[in-house]
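K.L.:
The amino acid sequence is not available; the structure is as follows:
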């Protein structure tokens, strides 16, 4: 069922503190988190109110509020007291999840992840269908790179083009790579942020087993969410893999002279920094360095960029939740992109691609801008 309200009693507050909420006692209610929160542009949502509930055990938090947070990282990045406000969201959601409370759409996602290892209700047996006709090999020990496309590039009709572009680039550069195919499961990052710790651990262990059994050392990903969880969360299981986001690897291949960009693309583009690539992991320079090497391409920056990049709304499970018209964060970001005069909005995240494409279609002529992943731009310039 979709929750209307969560009313934590004293034991609930204790559980939240045990799950990471103890730091919230340091909050002195300055309101900085409310000021920087993307939701403040479209609603009266208050992260400070959510933090107050966790810290002081006040009687009620509106159920909808605990599902709004996209875990974009703005508030902990700007908090003067170092309060981990993303953690409070996870804490509340984890308690709610233990009681079976979450939005209906997340219930559906959980069932799909449990049965097929992906959130899109697609059969695991079709996970590598995107690679048909591309001569992409199964990963075997000793290969240079495991390419882990992730769920949306494996199944979503639009985002499959990102996986195809990535494989095309790798083959052009002579990279010895392979994929796990049906042995690949969702990284689990987003379901963890919705509060289902048990399902996250199950998915993580499935992937870790596949990595170890296959002799994997280096993993290439398209999704910043896969990048973040493999790099920062899987080490909780006492494993360490070298994880590379595709934007970083493109820069590496170009600098090594393995990837040649020769086709001129006389386009004006603007680049959107995904939250989990930028604010959470500090990857800002490599995507821009790659785009700067495309002949004829002119890169312009949006008003809010790099550390200040505005969230698309997809993180924290937001990609799976219904958002009311007038509250879509991606709509605001598209407007910012159009203000630059660019004809193309480039990003490096499957969630961002999905949200921007949906907003572009919903807005019609008022959002007349092309949405591209960085791999699609580079593949076109080969």
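P.N.:
Good, I have the coordinates. The model shown is predicted, which means the values in this text are computed figures rather than measured ones. Residues are numbered from 1 along each chain as shown.
K.L.:
Tell me where the stretch 51-200 of the chain has helices.
P.N.:
63-66, 74-78, 85-98, 104-116, 151-155, 160-172, 189-193, 197-214 (DSSP state H, counting those that start in this stretch).
K.L.:
Which one of those lies nearest to residue 135?
P.N.:
Of all the helices of the stretch 51-200 of the chain, it is helix 160-172 that lies closest to residue 135, at 7.7 Å by C-beta to C-beta. For glycine as for every other residue, the C-beta is placed from the backbone atoms N, C-alpha and C.
K.L.:
Could you list every helix and strand in contact with the closest one?
P.N.:
strand 145-148, helix 151-155, helix 246-255, strand 370-373, helix 374-380 (3 or more C-beta pairs under 8 Å, 6 or more residues apart in numbering; DSSP states H and E).
K.L.:
Reformat the ones you listed as JSON lines; add distance to residue 132 and mean neighbour count.
P.N.:
JSON lines is the format used below for the helices and strands packed on helix 160-172 (distance: least, C-beta to C-beta, whole Å; neighbours: other C-beta atoms under 10 Å):
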{"stretch": "strand 145-148", "distance to residue 132": "15", "mean neighbour count": "23"}
{"stretch": "helix 151-155", "distance to residue 132": "12", "mean neighbour count": "26"}
{"stretch": "helix 246-255", "distance to residue 132": "21", "mean neighbour count": "22"}
{"stretch": "strand 370-373", "distance to residue 132": "20", "mean neighbour count": "21"}
{"stretch": "helix 374-380", "distance to residue 132": "17", "mean neighbour count": "23"}
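K.L.:
May I see those organised as JSON lines, with distance to residue 301 added?
P.N.:
Listed next are the helices and strands packed on helix 160-172 as JSON lines, based on distance: least, C-beta to C-beta, whole Å:
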{"stretch": "strand 145-148", "distance to residue 301": "30"}
{"stretch": "helix 151-155", "distance to residue 301": "26"}
{"stretch": "helix 246-255", "distance to residue 301": "16"}
{"stretch": "strand 370-373", "distance to residue 301": "17"}
{"stretch": "helix 374-380", "distance to residue 301": "15"}
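K.L.:
closest one to residue 267 among the helices of the stretch 51-200 of the chain?
P.N.:
helix 160-172 (16.0 Å).
K.L.:
The helices and strands packed on helix 160-172: which one's closest to residue 212?
P.N.:
Here strand 145-148 is closest among these (C-beta to C-beta), at 11.7 Å.
K.L.:
tell me the mean pLDDT over that closest one?
P.N.:
For strand 145-148, mean pLDDT rounds to 98.
K.L.:
Partner strands of that strand and their direction?
P.N.:
strand 177-178 (parallel), strand 218-221 (parallel) (DSSP bridges).
K.L.:
quick one: contacts of it?
P.N.:
136, 139, 166-167, 170, 175-180, 184, 187, 211, 214, 216, 218-221, 226, 230 (C-beta atoms under 8 Å, 6 or more residues apart in numbering).
K.L.:
Share the number of residues neighbouring the closest residue to residue 261 other than its chain neighbours, please.
P.N.:
Spatial nearest neighbour of residue 261, excluding adjacent residues (C-beta to C-beta, 6 or more residues apart in numbering): residue 381 at 4.5 Å. Counted with other C-beta atoms under 10 Å, the neighbours of residue 381 add up to 21.
K.L.:
same deal with residue 261?
P.N.:
Neighbour tally, residue 261, other C-beta under 10 Å: 18.
K.L.:
check which helix or strand covers it.
P.N.:
For residue 261, there is no helix or strand it lies in under DSSP states H and E.
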